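Engineer: heads up, no residue letters with this:
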Ligand SMILES: [Zn+2]
């Protein structure tokens with residue numbers, strides 16, 4: 001039975017491929033992670049095991065504005081191609097980074113759907129004013145899965161609008177009343193916002209079912225508008241019109257630049273090696289064609305966003321461990337996992353040296369909880385990138 005098999009969880013540091021990160025643009029495989037990922041997926045395939053892939057940033061484009069890719073173009077394509085080679089073993093892919101609630105379908109050159117990536121909204125109620133950004137309600141997602149499929153997820157959120165109006169009315173009465181015991185009606189409550197399987201009418205969140213959901217979102221506008229409200233974790237952005245919807249439809253189903261451009265009917269600004277410079281140019285062209293925002297503002301925003309994300313990068317580097325997990329039984333909120341093996345055979349010094357370069361700049365300490373000592377030599381390309389201040393903080 002499937003239940004007796006191992007489930008492999010691969011934690012990938014996709015920040016190495018991040019579009020604003022130029023450290024690896026001259027390195028085909030930063031830190032050897034592509035080779036490592038391929039070897040693990042091949043192992044899973046040989047052993048007939050399923051794999052969950054999880055990482056911070058996903059490949060592809062932001063669904064609220066299919067304008068800026070998350071990865072450097074060459075890495076984006078390599079990553080997508082690699083995972084498509086092993087679609088049969090991938091149970092699901094789990095990402096964050098966008099702060100919004102969406103998903104992505106990985107498909108091959110003939111349109112064959114290989115796997116699905118689920119994107120959970122964030123706890124941080126970040127309100128971006130560009131790139132179709134939106135405020136979101138703070139969110140936490142609980143996945144319900146077995147070793148053979150993702151059954152469901154429970155999306156919780158904290159409705160900030162209610163919290164704010166509640167605190168306003170509290171301030172109008174007694175300043176300290178919210179602190180008084182027994183005044184429970186004024187305590188903000190996290191609540192179940194929606195349950196995916198029930199809401200979308202799916203038997204599970206398998207790849208094929210999520211592909212089916214995608215088709216429904218295309219044709220059923222009522223369902224799409226519901227998804228759109230979920231996309232911002234319940235923050236009301238009104239109705240998503242046809243132009244707005246196109247971004248979502250294209251970004252969910254297409255992950256490569258050529259495909260997204262084709263889907264959006266853009267005049268192709270093709271760039272096979274999308275560096276920071278190319279990215280800016282790309283952003284300008286699209287902004288000029290489809291938005292009234294000026295390019296300089298766009299570039300400034302890109303820089304600000306990249307600076308903010310370096311903080312996230314630091315956290316991801318600190319927890320860059322690769323886990324192989326045996327799960328004894330179906331996971332629920334109350335069941336436990338029997339973790340029998342947490343390991344990595346990657347050269348962590350490559351990642352940690354990069355962190356230390358950062359440490360030197362900012363005077364920060366390597367988090368002691370990592371419990372790893374960097375040994376050996378880091379990848380020269382990464383050192384060069386640090387020296388060149390490519391990750392300017
Ligand atoms: Zn992020």
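Structural biologist: Now that the structure is in, tell me what you want to look at. It should be emphasised that the depicted structure is a prediction, and the values quoted were computed from it without experimental measurement. Residues are numbered from 1 along each chain as shown.

Engineer: for the ion, what's the nearest residue on this protein?
Structural biologist: residue 97 (3.6 Å; C-beta to the ion). (Glycine included, C-beta is placed from N, CA and C.)

Engineer: quick check, that residue in a strand?
Structural biologist: No: Residue 97 sits outside any strand when classified using DSSP: H, G, I helix; E, B strand; the rest coil, being coil.

Engineer: name the nearest residue to it, ignoring sequence neighbours.
Structural biologist: residue 57 (4.1 Å; C-beta to C-beta, 6 or more residues apart in numbering).

Engineer: tell me the secondary structure at that neighbour.
Structural biologist: Three states are possible here, and by three-state DSSP the one that applies to residue 57 is coil.

Engineer: so how far is residue 50 from the nearest residue to residue 47 once chain neighbours are set aside?
Structural biologist: Closest residue in space to residue 47, ignoring its immediate chain neighbours: residue 6 at 7.6 Å, by C-beta to C-beta, 6+ apart. Remark: distance between residue 6 and residue 50 (C-beta to C-beta, to the nearest Å) = 8 Å.

Engineer: okay, these two: which has more neighbours?
Structural biologist: residue 50 (21 against 17; other C-beta atoms under 10 Å).

Engineer: how about the more buried one, nearest residue that isn't a chain neighbour?
Structural biologist: Once chain neighbours are set aside, the closest to residue 50 by C-beta to C-beta, 6+ apart is residue 91, at 4.4 Å.

Engineer: report the separation between the one you found and residue 42.
Structural biologist: Distance, residue 91 to residue 42, using C-beta to C-beta: 16 Å.

Engineer: neighbour count winner among these two?
Structural biologist: More neighbours surround residue 91 than the other of residue 91 and residue 42, with 24 against 13 (other C-beta under 10 Å).

Engineer: what's the helix or strand for the more buried one?
Structural biologist: For residue 91, the element it lies in under DSSP states H and E is strand 90-95.

Engineer: residue 222 now?
Structural biologist: Residue-wise, residue 222 maps onto helix 221-231 under DSSP H and E.

Engineer: go on, residue 52?
Structural biologist: Using DSSP H and E, residue 52 falls within strand 50-55.

Engineer: orientation of that strand relative to strand 90-95 in degrees?
Structural biologist: Orientation check (axes from the mean of the first three to the mean of the last three C-alpha atoms, to 10 degrees): strand 50-55 against strand 90-95 gives 10 degrees.

Engineer: what are the pairing partners of strand 50-55, and which direction each?
Structural biologist: Using DSSP bridges, the neighbouring strands of strand 50-55 in the sheet come out as strand 7-12 (parallel), strand 90-95 (parallel).

Engineer: buried ones in the first one?
Structural biologist: Burial within strand 7-12, assessed by neighbour count using 16 or more other C-beta atoms under 10 Å, is assigned to 7-12.

Engineer: continuing past it, what's the next helix or strand?
Structural biologist: Going down the chain from strand 7-12, the next helix or strand is helix 33-46, by DSSP H and E.

Engineer: same for that following helix, what does it pack against?
Structural biologist: Taking 3 or more C-beta pairs under 8 Å, 6 or more residues apart in numbering; DSSP states H and E as contact, the helices and strands that helix 33-46 lies on are strand 7-12, strand 50-55, helix 73-85.

Engineer: include mean pLDDT and distance to the ion when you put the strands paired with strand 50-55 into TSV, please.
Structural biologist: TSV is the format used below for the strands paired with strand 50-55 (pLDDT from 0 to 100; distance: least, C-beta to the ion, whole Å):
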stretch	mean pLDDT	distance to the ion
strand 7-12	96	14
strand 90-95	98	9
